[in-house]
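[1] Provided below for reference: sequence and predicted model.
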Amino acid sequence: MINRYGGTKFWDEVADKFHEKLKADYYLRSFFERRCPIHAKAINLNIFRAGFGQEARYYVDAIKEAHEGRGITIEQFIRFTNCLRNTLIEEGVEESDIHLILERVGSYSSQVAEDYDDNY
């Protein structure tokens, strides 16, 4: 999937645009506006790697630990995934690839959202 869209340069640009979209979202910006852009890009690229089925650097326990105590709600997690979806659509990523990425990201909802409920 990486090379299908022009390689790592394309995904680097998508990661930057995604980060900007998160910082612009009223309900999410407090989580992202002060984050180091280099660190944010690394995290976003790992999200894409996980969606591609590649080994990501962050695993379930690390994801849970990184988000613990931050007060992230399931609604905010859904907003996050919607920002991701919109960014991928805007950048011309095919729907089937978007689905793969979002399916993997969605699988982390119980580790990220403090009010996660199996009904979501």
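    Arrived safely.

[2] From the contact counts, what lies against the one helix or strand Glu103 maps to?
    Glu103 is part of helix 95-106 when elements are defined by DSSP states H and E. The contact analysis (3 or more Cβ pairs under 8 Å, 6 or more residues apart in numbering; DSSP states H and E) places helix 95-106 against helix 37-51, helix 74-90. No exception for glycine: its C-beta is placed from N, CA and C like everyone else's.

[3] What are the buried residues along the longest one?
    Pointing back at helix 74-90 there. Ile74, Gln76, Phe77, Arg79, Phe80, Thr81, Cys83, Leu84, Arg85, Thr87, Leu88 (16 or more other Cβ atoms under 10 Å).

[4] Name the nearest residue to the third one, sequence neighbours excluded.
    Ranked by Cβ to Cβ, 6 or more residues apart in numbering and with sequence neighbours excluded, the top spatial neighbour of Phe77 is Ala113, at 4.5 Å.

[5] In this structure the one you found contacts Arg79, no?
    No. Judged on Cβ atoms under 8 Å, Ala113 makes no contact with Arg79 at a distance of 11.0 Å.

[6] and the angle from the lowest-mean-pLDDT helix or strand in the chain to helix 74-90?
    Within the chain, no helix or strand scores below helix 60-67, which has a mean of 73 by mean pLDDT, DSSP states H and E. Orientation of helix 60-67 against helix 74-90 (axes from the mean of the first three to the mean of the last three Cα atoms, to 10 degrees) gives an angle of 110 degrees.
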